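S.K.: Coordinates for the following, if possible.
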Amino acid sequence: MSAGGLKSKIFVSSLAVGQRVAELEDKNQRVPISLRAKHAIADLLVFTKWREGIGGRLRYFVSGGAPLSPTLSYSFLGAGIRILQGYGMTETCIVCANRPEDNCVGSIGKPFANIEIKIASDGEILVRGGNVMRGYYGHPEATAAVMHNDGWFATGDVGHIDDAGHLFLTDRKKDLFKLSNGKYIAPQQIESLLKQSEFVSQVVVVGSSRKYPAALIVPDWESLKDALRAAGEEVPAAHEVLSRLPAAIKIIQKDITMITAHLADYERVRRIALLVDEFSIEKGEMTPTLKVKRPVVDREYGELIDEMYRGA
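M.R.: This is a model prediction of the structure:
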């Protein structure tokens, strides 16, 4: 094995060990002594270099704007680098965040002093406190749409609160869609899971009024090509040809099926289509803050989406 190959193997192994230790600790479960020993070696060989690379004295990062996947959070936690997720809006300032002494992976923490949060009957997160705006200047109708008479501000986000008081953000209310069986899908939550696949660069989950969710995926082409070569498949040079190659689709479908195995049956992505071009701001498919404009994607790729549901 080459030196580069050995280093890569050590890195991948160390990452897996760190993730497992961080997950067990986060869930207050016992970490086996043998795993502790492996983690100590991983820390010596890999993680100390991570920490040195960011100055060596970092106490924690604060993250907001988009959710971190648990896998990514555990990767950093296992390396001794804490990332504290928080949440806020222009209308509310900062509402809540994880604390160094209470960092619940996957959540956006607990509210700060004198700020209240609750979940409406439809799952929407409501916020009340001195941090909330009084209204949109000169727009009384827009203000009335989000401000309740009792002082609660409707965030437009959907989530839930665990027994310990940690808030979990699921999706934007306007992004939820209903399947033909009446079940609601939170696409961002599923997309976050799918992005854990080494083969997925960008993804948009679709399926409004359909029987099940499907996904439009922009692949990580190099990872996909490597997997095809390892499987003994011929790799076309053109991405357009590669995107329709059954073996390529099968590799990615298998990987995301494994990643989403814990989801409810109706939430699992049954079909995928591979896209050659990335979603972009220039094409009008994304906002300046890199959020996908779902109606635009539904319109632009309508025929391809229909093909997926016809089983093509």
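
S.K.: can you give me the strands for this protein?
M.R.: 61-63, 83-89, 93-97, 110-111, 115-119, 124-129, 153-161, 167-172, 177-178, 184-185, 200-206, 214-219, 271-274 (DSSP state E).

S.K.: which other helices and strands contact the fourth one?
M.R.: The one in question is strand 110-111. strand 93-97 (3 or more Cβ pairs under 8 Å, 6 or more residues apart in numbering; DSSP states H and E). Using the backbone N, CA and C atoms, a C-beta is placed for each residue, glycine as well.

S.K.: Quick one: distance of the strand it packs on to the chain centre.
M.R.: The chain centre lies 20 Å from the centre of strand 93-97; the measure is Cα atoms, centre = their mean, to the nearest Å.

S.K.: That one pairs with which strands, and in what direction?
M.R.: Strand 93-97 has the following strand partners under DSSP bridges: strand 83-89 (antiparallel), strand 110-111 (antiparallel).

S.K.: domains of the protein?
M.R.: Per automatic domain parsing, the structural domains of the chain span 3-78, 84-170, 176-309.

S.K.: Compile the ones you listed into TSV and extend it with columns for mean pLDDT.
M.R.: Output for these, formatted as TSV (pLDDT from 0 to 100):
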stretch	mean pLDDT
domain 3-78	90
domain 84-170	94
domain 176-309	93
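
S.K.: For those domains, could you give me a markdown table that also reports mean neighbour count?
M.R.: Shown next, in a markdown table, are the domains of the chain (neighbours: other Cβ atoms under 10 Å):
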| stretch | mean neighbour count |
| --- | --- |
| domain 3-78 | 15 |
| domain 84-170 | 16 |
| domain 176-309 | 16 |
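
S.K.: how near is residue 178 to residue 187?
M.R.: 12 Å (Cβ to Cβ, to the nearest Å).

S.K.: ranges for the helices of the protein?
M.R.: Counting by DSSP state H, residue ranges of the helices within the chain are 3-26, 33-42, 48-53, 70-78, 140-146, 187-194, 221-230, 239-242, 246-259, 294-300, 302-309.

S.K.: so what does the fourth one touch, helix or strand wise?
M.R.: Packed against helix 70-78, as judged by 3+ Cβ pairs under 8 Å, 6+ apart, are the following elements: helix 3-26, strand 83-89.

S.K.: quick one on the thing from earlier: including distance to residue 136, could the strands of the chain go into TSV?
M.R.: Listed next are the strands of the chain as TSV, based on distance: least, Cβ to Cβ, whole Å:
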stretch	distance to residue 136
strand 61-63	28
strand 83-89	13
strand 93-97	15
strand 110-111	23
strand 115-119	20
strand 124-129	16
strand 153-161	12
strand 167-172	19
strand 177-178	27
strand 184-185	28
strand 200-206	30
strand 214-219	34
strand 271-274	40
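
S.K.: Those: which one's closest to residue 32?
M.R.: With Cβ to Cβ, the closest approach to residue 32 among the strands of the chain belongs to strand 83-89: 25.1 Å.

S.K.: Run through who's touching stretch 251-259.
M.R.: 193-194, 196-200, 215, 217, 219, 224, 227-228, 231, 268-269, 271-272, 274 (Cβ atoms under 8 Å, 6 or more residues apart in numbering).

S.K.: most distant residue from the middle of the protein?
M.R.: Largest separation from the mean C-alpha position in the chain: residue 138, at 36.2 Å (Cα atoms, centre = their mean).

S.K.: Roughly how far does it sit from residue 275?
M.R.: Applying Cβ to Cβ to residue 138 and residue 275 gives a distance of 42 Å.

S.K.: Next: residue 183.
M.R.: 26 Å.

S.K.: now swap in residue 119 and tell me
M.R.: 35 Å.

S.K.: now residue 67
M.R.: Separation of residue 67 from residue 275 (Cβ to Cβ): 23 Å.

S.K.: what's the answer for residue 40, then?
M.R.: 44 Å.

S.K.: do the same with residue 284
M.R.: Distance from residue 284 to residue 275, by Cβ to Cβ: 15 Å.

S.K.: Would you check that residue 157 makes contact with residue 169?
M.R.: Yes. If you go by Cβ atoms under 8 Å, residue 157 and residue 169 touch, sitting 5.8 Å apart.

S.K.: Perfect, I'm done here.
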